[in-house]
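Enquirer: My questions are about this predicted structure, shown below with the sequence.
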Amino acid sequence: MRPDTSIAVAIIGGGIAGVTAAIGLLSKGISVKLYERASAFREIGAGIGLSPNAERAMLLLNPDVHAVFKKVATPNTEDWFQYVDGFNKSEKGDGEELLFKVYLGERGFEGCRRTDFLNELVKLLPEGCVEFRKDLVNITEPQDEGTMITLHFADGSTSTADVVLGCDGLRSRVREHVLGVEHPAVRPSYTHKLAYRGVIPIEDAIQAIGKEKSLTRFMHLGPGCHVLTFPVSMCTMLNVVAFVTDPNDWPSLDQTTLPATKEEVLESFASFGPVVTAIMNLLVHKLDKWGIFDLHESPVTTYVSQGGRVCLVGDAAHAAAPHHGAGAGSAIEDALALAVALEEVDKTLSASQQPVSRQMAISAAFSAYESVRYERTQWLIESSRFMGEVFEWQTALCEADPANCQSEVEWRSHKIWDYDVDQMVEAVSAIFGSKVSEALGHDRGL
């Protein structure tokens, strides 16, 4: 028989959100089982950047997570994020005009390959913690106290848990359970921007655009398109993300990634300056194009199910366009908040002097999590869309005006980077305690 003081957590999805949440919970001594629909761990995308707030969250979640990141992260060669005019030729005609630059903070904004980071993270998971080829079909969440949640998978198998964390990304099946299949936020929105992603050998990049442009973080701005570049794989590769505004509808309801060619990219950036053109010419001939989707047009109204024991994490809760480079960092903040909240559940159920039920404690934990995460993550969705327009000179405020662009980039970026994760942790614990006290008061008729 399961002891009353234990909780069993099921995590759906084995990306960065799911794996970091699992590591954080396990480090608190909480039982975790992670279910991944694929046959192995894999991350979609090439490069990833993690800013100072994400690093602080990693250190509090589990120092081993931060050590893993530092192992694979490529330090910038300077402390500034540089924004340049990638469209108009400079007066000399052989480079790009520096529009402005933004200080990266005390730990920088370092990049790595997503697969490198995930491959190292999963080494921190104990054997038997993960089950692959588990494609979630639906969830049965009983309302009565003491009955566990049942997960139903496409292979006909089932599993049970006290708590379910939906870390299953943009097209989350868990989100369907939390909101209901008819809720508009079940289906993400196409932002009418797409991205071509690739990596270039650093030697080729240096030869084509110079050492400075190859070894640190640059945003190349222009009308209707922009390009992000930064080094990864310990400065052996240059990560390239080329964004293009797309007036059309995305052609596939089932795939966010479609095949593309180098010719498409060259056509999109044909009127840009020599540096951007040189970068595009270094891409391989067969590429993928990524539809940029988010949850902006139909926001998720709650991260917690009506039953109070199923919760959304990362992109499943607040998928944003990548123009702030903050999606993974935000998911790691989520993981930290949940680890703290569910540790409070564990401690409270172990304290025999308080007659707190499992259901009551879990509900209080998820309420605390949502209280500290909802406003920040919903703002991130809105701000990320806006920044995509700023970088492509599509807003009246910032249209090709470096001063206005700089002002918007600086305050929005530092709102993300300077986030006080210690204060978030304290708030989670305080709100949890308040919710438990309130529930106990109601139970006693006070």
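Expert: Thanks, I have the structure now. Numbers count the residues shown, from 1 in each chain.

Enquirer: where in the chain is pLDDT low?
Expert: Applying pLDDT under 70 to the chain picks out residues 1-5, 42-46, 91-94, 105-108, 352-354, 442-446.

Enquirer: quick one: the helices in it?
Expert: With DSSP state H, the ranges of helices along the chain come out as 16-27, 52-61, 63-72, 114-121, 173-179, 202-209, 211-214, 262-268, 274-281, 315-318, 327-350, 358-390, 402-417, 421-443.

Enquirer: buried residues in the fifth one?
Expert: Applying a neighbour-count criterion of 16 or more other C-beta atoms under 10 Å, the buried positions in helix 173-179 are 173-179. C-beta: built from backbone N, CA, C; applies to glycine.

Enquirer: likewise the third one?
Expert: Counting neighbours by 16+ other C-beta under 10 Å, one finds that the buried residues in helix 63-72 are 65-66, 68-69, 72.

Enquirer: surely K289 meets Q255?
Expert: No. The pair K289 / Q255 is not scored as a contact, 10.6 Å apart, by C-beta atoms under 8 Å.

Enquirer: Compare those two and say which is more crowded by neighbours.
Expert: For K289 versus Q255, the count of surrounding residues by other C-beta atoms under 10 Å is larger for K289: 21 against 11.

Enquirer: Run a quick neighbour tally on the residue nearest to the more buried one when sequence neighbours are not counted.
Expert: Spatial nearest neighbour of K289, excluding adjacent residues (C-beta to C-beta, 6 or more residues apart in numbering): A260 at 3.9 Å. A260 sits with 16 neighbouring residues when counted by other C-beta under 10 Å.

Enquirer: Distance of A260 relative to G169?
Expert: Distance from A260 to G169, counting by C-beta to C-beta, to the nearest Å: 22 Å.

Enquirer: do the same with M148
Expert: To G169, M148 is 25 Å away according to C-beta to C-beta.

Enquirer: With Q359 instead?
Expert: Q359 is 28 Å from G169, by C-beta to C-beta.

Enquirer: Equivalent analysis for S31, please.
Expert: Applying C-beta to C-beta to S31 and G169 gives a distance of 24 Å.

Enquirer: more neighbours, those two?
Expert: Taking neighbours as other C-beta under 10 Å, S31 and G169 compare with G169 leading, 23 against 17.

Enquirer: for this structure, longest strand please?
Expert: If you go by DSSP state E, the chain has its longest strand at strand 189-201.

Enquirer: Work out the sheet partners of it and label each with its direction, please.
Expert: Strands that pair with strand 189-201, judged by DSSP bridges, come out as strand 237-245 (antiparallel), strand 286-294 (antiparallel).

Enquirer: Please work out which of those strands is packed deepest.
Expert: Mean neighbours per residue, mean count of other C-beta atoms under 10 Å, is largest over the strands paired with strand 189-201 for strand 237-245, with a mean of 24.
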